[in-house]
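1. Sharing a model prediction with you, sequence too.
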Amino acid sequence: MSSAPYGHACTSCVRAKCRCIPRASSPSCQRCHRLNKDCRPAPRRRHPKPLSKAAQLQQKMDGLMSLLNTGPVQGSGSMLGRSSTQGQGNGPIQESTSPEAGRASAVLEAGLALSPEPSAAGIDPAQPGIPPSLEEEASLQSFRRDKLPCFPFIHIPDTTSAQALQQESPVLWRCIAVAECRDAARQAALCVEIRETFAAAVLVDCQRSLDLLQGLLVYLAWITYQSQPMKSSLCMYCQLAAGLIFELGLHRCPPADARPVTSDHIAVGQLQHLRPPVSAVRSMNQRRAVLAFYVLSSVIAEFLGRMDPLRWTPHLTECLDVLAQSPESPHDAVLVQLVRIRTLAERVAEGPWNNVSSATPRAPSSFYQAALQSQFDQLKNQTPTGLATNTPTLLHLLHTEVTLHEPALTLPKSDPSTHAAINANLTRLDPLYACLHAIKAFFDRLLSLPPAAFAAFPLTHIIQTAHCFVTLFRLSTLDFPGWDPASVRDIVDITIIADQVADRWSRVAASIGVRNGGEQGDAYGRLAAMLSRLKAGWVGRLGEAEHVDGVSGIDIPMGMGMGMGGGEWDWEGLMGKDEGWLLDAFVAGGFA
């Protein structure tokens, strides 16, 4: 049954956010007829055509000039009288200005701010008769219901309204609006504006606040693969977030009191425009933010291979313990578990198979493998019952299991001329099969989810999915005594899995109401198309080529690839030159 044409849904169905299906024999729709409701057409709203960038800039400049012509601007600090004071905690940035300077500053900053247009609110603005306030509430509810459970970096109580969040954390709210935008073209423009906002606030004005840090976490987790930056932007934006953490002192214990540090000549507290850089009280959202960034930076660092994650400190241990003992939200337990999984993944990355230099003799790889396997089993067995089937926790756990057994792919083959070497080769089959089993479990869980769930995936899930595809391809083409690639494809056929995952991504936009993709399409559709293209290359390569260094048709040097340290994934060496773009495809949603 087809729904009512675009913009012709009745008022009752619009308010209920349900499909409006007309009845042939009656003027009322099926839902209104079933519920005995008055079926009336909803009033239609006409949306004015948005101004061009040049016209918007001209308006802002005209407003600025009119304000400046009203009288002299007074105040200290910058030319607009802005103080160098930045707000701490989760509130808005504080400024000390004269009324005239405040109005002029507001006009100037409007050039970098995101306007709260209905199309950025996160629900379908084509639905007529819905006030902007309801759209914003729906956007916040969608973010809180779908995305936060996957990456719980903050607790937003159900009693917090969109208007209150916008006033308390304006940058965070703008990023949420971008992440929830259902208009692909509008979202692309907002992605550029939010990057300009971060550049102005962090790099130009040197602001520091929890609001900015939380906004960056939303950007890194959900906006990066919606926009079109090169993969290098991941590293740069991670450094911005790390810089804010260091400036706010969130990586270490807060001071015993709020007294500012003094120098040999002057007390900082005597200068009215300076404030202590570190708060004396650590809030729960500050603890969540620094722990969430540890998880995110760890996954991205392992993925890129050219940056270090946030270093684990004793204060992070304290934050983890406090969050585990005093949870305010059911999602706090998820964040605690994700952090524990990533700390184990970091220990896996420090194994001897990554060629980590050490001044002292190191134990053989088998010793490390056994110790890490024991720690992994303990972590898995101690997972609370409610989290054992939680999708974010399970995907992180299975991906860590993949990286734990993955080094068996790169170990050199033993000389089969001796009995000991034959036994060593046979022993190596166990971790290879365990790696394959973990990948199968990962994709089984992934494919059990509906397409709409893929829209809530943070960047960590995208990276983990890409890595599992790479490792599965290597297992499917491995030349090793006793290892049967044909049996691998019987257990987990990479081409079938690629088709199924691509199908899920291709149906995401329709399932959540994304539209207006234009020539570029939406990010989900681009991911599906690129995965399908990669699958086409796999089909031709699985049965061809000669064996090089134990892997069919490819030469993978020691320490290359996620979970094995070294450097960035060598996609052209691994998949062939035509598929080297997949790194950017999975992260940026486009070509580099």
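-> The structure has been received and is ready for your questions.
2. ok, now which ones touch T400?
-> 341-342, 344-345, 348, 376 (Cβ atoms under 8 Å, 6 or more residues apart in numbering). Where you see a C-beta, it was placed from the backbone N, CA and C, and this is true even at glycine.
3. Now, those residues that are in helices?
-> Secondary structure defined by DSSP state H assigns 341-342, 344-345, 348, 376 of the contacts of T400 to helices.
4. With respect to pLDDT, which of those residues ranks lowest?
-> Note: of the ones in helices among the contacts of T400, the lowest pLDDT belongs to V348, at 87.
5. hang on, it packs against V402?
-> No. Between V348 and V402 there is no contact under Cβ atoms under 8 Å: 10.1 Å.
6. Could I get the full set of strands for the protein?
-> Counting by DSSP state E, the chain has strands at residues 22-23, 26-29, 547-548, 551-552.
7. Burial check on D490, number of neighbours?
-> For D490, the count of nearby residues is 9 (other Cβ atoms under 10 Å).
8. how close does A523 get to R186?
-> 13 Å (Cβ to Cβ, to the nearest Å).
9. of the two, who's got more company?
-> Neighbour tally, A523 and R186, criterion other Cβ under 10 Å: the higher count belongs to A523, 26 against 19.
10. Show the pLDDT at that one.
-> 83.
11. can you check the one 4 residues further on too?
-> Turning to L527, the model gives it a pLDDT of 85.
12. now R287
-> Value for R287, per-residue pLDDT: 95.
13. residues contacting it?
-> Neighbours of R287 in contact, by Cβ under 8 Å, 6+ apart: 319, 322-323.
14. Mind putting those residues into JSON lines with pLDDT?
-> Formatted as JSON lines, these follow (pLDDT from 0 to 100):
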{"residue": "C319", "pLDDT": "95"}
{"residue": "V322", "pLDDT": "94"}
{"residue": "L323", "pLDDT": "94"}
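15. could these go into JSON lines alongside distance to S227?
-> Formatted as JSON lines, the contacts of R287 follow (distance: Cβ to Cβ, whole Å):
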{"residue": "C319", "distance to S227": "30"}
{"residue": "V322", "distance to S227": "35"}
{"residue": "L323", "distance to S227": "31"}
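16. Among these, which one sits closest to D146?
-> L323 (21.9 Å; Cβ to Cβ).
17. so that closest one makes contact with A289?
-> No. Contact criterion Cβ under 8 Å: L323 and A289 do not qualify, at 11.3 Å.
18. neighbour-wise, which of the two wins?
-> Neighbours per residue, other Cβ under 10 Å: of L323 and A289, the larger number sits with A289, 25 against 20.
19. my read: that one touches L216, true?
-> No. Assessed by Cβ under 8 Å, A289 is found out of contact with L216, at 9.4 Å.
20. Can you get me the start-to-end distance on stretch 21-36?
-> In stretch 21-36, first residue to last residue: 15 Å (Cα to Cα, to the nearest Å).
21. should've said stretch 43-55
-> Start-to-end, stretch 43-55 (Cα to Cα) is 30 Å.
22. Make a PyMOL selection of the buried ones in the ones in helices among the contacts of T400.
-> Buried members of these, defined by 16 or more other Cβ atoms under 10 Å, are picked up in PyMOL with:
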select buried, resi 341+342+344+345+348+376
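23. The ones in helices among the contacts of T400: which two are farthest apart?
-> Between any two of the ones in helices among the contacts of T400 (Cβ to Cβ), the greatest distance is 12.7 Å, for R342 and F376.
24. Give me the distance between the closest residue to F473 other than its chain neighbours and R507.
-> Distances taken as Cβ to Cβ, 6 or more residues apart in numbering place I494 nearest to F473, at 5.8 Å, with adjacent residues excluded. Computed as Cβ to Cβ, the I494 to R507 distance reads 21 Å.
25. Compare the two (neighbour count), which wins?
-> Neighbours were counted for I494 and for R507 using other Cβ under 10 Å; I494 has more, 23 against 17.
26. quick revisit: of the contacts of R287, which is the nearest to Y368?
-> Taking Cβ to Cβ as the measure, C319 is the one of the contacts of R287 closest to Y368, at 28.0 Å.
27. Can you identify each of the helices in the stretch 301-450 of the chain by residue range?
-> For the stretch 301-450 of the chain, applying DSSP state H, counting those that start in this stretch gives helices covering 314-325, 330-349, 365-381, 391-405, 419-447.
28. Once you drop chain neighbours, what's closest to R489?
-> S476 (5.7 Å).
29. Does the one you found touch I491 like I think?
-> No. Counting by Cβ under 8 Å, S476 stays clear of I491, with 9.9 Å between them.
30. of those two, who's got more company?
-> Taking neighbours as other Cβ under 10 Å, S476 and I491 compare with S476 leading, 22 against 13.
31. got the contact list for that one?
-> By Cβ under 8 Å, 6+ apart, the contact set of S476 is 485, 488-489, 494, 542.
32. Whichever of those residues end up buried, select them in ChimeraX.
-> A single ChimeraX command suffices to select whichever of the contacts of S476 are buried according to 16+ other Cβ under 10 Å:
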select :485,488,489,494,542
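33. Columns pLDDT and distance to F457 on top of the contacts of S476, output as TSV?
-> What follows is the contacts of S476, written out as TSV (pLDDT from 0 to 100; distance: Cβ to Cβ, whole Å):
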residue	pLDDT	distance to F457
P485	88	30
V488	91	26
R489	90	26
I494	92	20
L542	79	27
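34. okay, the contacts of S476 in CSV with distance to A164 next?
-> Compiled in CSV, the contacts of S476 are given as follows (distance: Cβ to Cβ, whole Å):
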residue, distance to A164
P485, 57
V488, 53
R489, 54
I494, 48
L542, 55
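35. Out of the contacts of S476, which comes closest to R306?
-> I494 (27.4 Å).
36. quick one: that closest one and G537 touch, right?
-> No. If you go by Cβ under 8 Å, I494 and G537 don't touch, sitting 11.1 Å apart.
37. Low-confidence regions, the stretch 1-150 of the chain specifically.
-> The stretch 1-150 of the chain contains residues with pLDDT under 70 at 1, 44-54, 56-58, 60, 63-132.
38. ok, back up a step: list the residues that contact the residue nearest to F473.
-> Counted by Cβ under 8 Å, 6+ apart, I494 has contacts 469, 472-473, 476, 535, 538, 542.
39. Most neighbours of all those residues, which one?
-> Using other Cβ under 10 Å as the neighbour criterion, L472 leads the contacts of I494 with 25 neighbours.
40. returning to what we had before: relative to K37, which of the helices of the stretch 301-450 of the chain is closest?
-> Nearest of the helices of the stretch 301-450 of the chain (Cβ to Cβ): helix 330-349, 35.8 Å.
41. Would you check that P152 makes contact with V336?
-> No. Counting by Cβ under 8 Å, P152 stays clear of V336, with 9.5 Å between them.
42. Torsion angles phi and psi at the residue lying closest to S28 once chain neighbours are set aside?
-> Counting by Cβ to Cβ, 6+ apart, C39 is the residue found nearest to S28 once chain neighbours are left out, at 3.6 Å. Main-chain torsions, C39, degrees, to the nearest 10: phi -90, psi 100.
43. what sits against C39?
-> C39 sits next to 10, 12, 27-29, 32-33 when contact means Cβ under 8 Å, 6+ apart.
44. Turn those residues into CSV, including distance to G249 and neighbour count.
-> Putting the contacts of C39 into CSV (distance: Cβ to Cβ, whole Å; neighbours: other Cβ atoms under 10 Å) gives the following:
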residue, distance to G249, neighbour count
C10, 55, 23
S12, 53, 19
P27, 65, 12
S28, 62, 19
C29, 58, 22
C32, 58, 20
H33, 62, 15
